[in-house]
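Chemist: pasting the sequence and the predicted model now:
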Amino acid sequence: MFLATTTAAVTGLLSIGCGSQRTPAVDTNTVRSEVAATVSESSVIKILSYSLSDMSLVRQAALSGKGNDSTVEISLDRPANWGDGSFVGALSSLVKKTLPSLFEYSDVNKVVITIYGVDQGSKSDEIACRLVVDRATARNIVWPMLGPMTISSTVTEYYLHPKIQKNSYALGSGIPGH
């Protein structure tokens with residue numbers, strides 16, 4: 001009885017908005033119609049356009065590999081509004097909006113996202129963050145639950161520049177190591 005009541009309460013909370021983040025933010029009708037085809041650079045750009053407010057941040061959206069072993073490589077300049085304290089949260093949001101749609105393509109085996117610009121508001125070629133998610137890992141991710149506290153241990157590979165990591169914690173994100 002307790003389990004049934006608890007489950008009902010949690011379900012009720014989720015249905016009224018607590019933790020109900022819509023993922024992916026991409027128009028799934030559009031993406032699903034493309035799923036029959038293999039991933040292309042234009043489909044990656046289309047997905048990014050739903051996820052990013054400023055497409056001028058995209059340095060590269062490239063594909064490598066063949067068959068069911070395609071890798072999507074996305075390189076972005078750090079958005080000016082991603083402060084050190086909000087960087088990991090904003091990154092988590094971007095990943096939740098982008099990766100589920102990319103993994104709908106059966107030929108995508110891995111997605112690599114690299115963000116450049118360690119200092120907020122300054123463009124540079126220094127890597128601020130890099131993460132990799134392979135298909136095996138993506139299958140186990142509960143996308144709505146992905147957030148700043150779970151992203152580093154959820155993705156396949158994760159790197160956050162030490163300066164952002166240090167400043168993020170110092171600015172009160174409350175997330176040690178982020």
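Modeler: Looks like it arrived, so ask away.
Chemist: quick one: residue 55 and residue 46 touch, right?
Modeler: No. Taking Cβ atoms under 8 Å as the definition, residue 55 is not a contact partner of residue 46, at 10.6 Å. Every C-beta, even on glycine, is put in place using the N, C-alpha and C of the backbone.
Chemist: surely residue 133 and residue 146 touch.
Modeler: No. Using Cβ under 8 Å, residue 133 makes no contact with residue 146, being 10.1 Å away.
Chemist: what touches both of these two?
Modeler: Residues touching both residue 133 and residue 146 (Cβ atoms under 8 Å, 6 or more residues apart in numbering) are residue 95.
Chemist: who has more neighbours out of these two?
Modeler: It is residue 133, of residue 133 and residue 146, that has more neighbours when counted by other Cβ atoms under 10 Å, with 23 against 20.
Chemist: enumerate every residue touching the closest residue to residue 105 other than its chain neighbours.
Modeler: If the residues on either side of it in the chain are set aside, residue 105 comes closest to residue 39, at 4.0 Å by Cβ to Cβ, 6 or more residues apart in numbering. By Cβ under 8 Å, 6+ apart, residue 39 lies in contact with 63, 70, 72, 102, 105, 107, 108.
Chemist: what residues are up against the third one?
Modeler: For residue 72, the contact set (Cβ under 8 Å, 6+ apart) comprises 39, 44, 61, 62, 63, 102, 108, 110, 111, 112.
Chemist: double-check that the third one belongs to a strand.
Modeler: Right, residue 61. Yes. The assignment for residue 61 by DSSP: H, G, I helix; E, B strand; the rest coil puts it in a strand.
Chemist: can you tell me how far it is from residue 121?
Modeler: 23 Å (Cβ to Cβ, to the nearest Å).
Chemist: the two: which is more packed in?
Modeler: With neighbours defined as other Cβ under 10 Å, residue 61 and residue 121 compare such that residue 61 has more, 20 against 11.
Chemist: tell me what the more buried one is bridged to.
Modeler: residue 74 (DSSP bridges).
Chemist: correct me, but it touches residue 40?
Modeler: No. With contact defined as Cβ under 8 Å, residue 61 does not reach residue 40; the gap is 9.9 Å.
Chemist: just put the contacts of residue 72 in a markdown table and tack on pLDDT and distance to residue 151.
Modeler: Shown next, in a markdown table, are the contacts of residue 72 (pLDDT from 0 to 100; distance: Cβ to Cβ, whole Å):
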| residue | pLDDT | distance to residue 151 |
| --- | --- | --- |
| 39 | 90 | 23 |
| 44 | 94 | 21 |
| 61 | 95 | 21 |
| 62 | 94 | 23 |
| 63 | 94 | 24 |
| 102 | 95 | 16 |
| 108 | 95 | 19 |
| 110 | 97 | 17 |
| 111 | 98 | 14 |
| 112 | 98 | 15 |
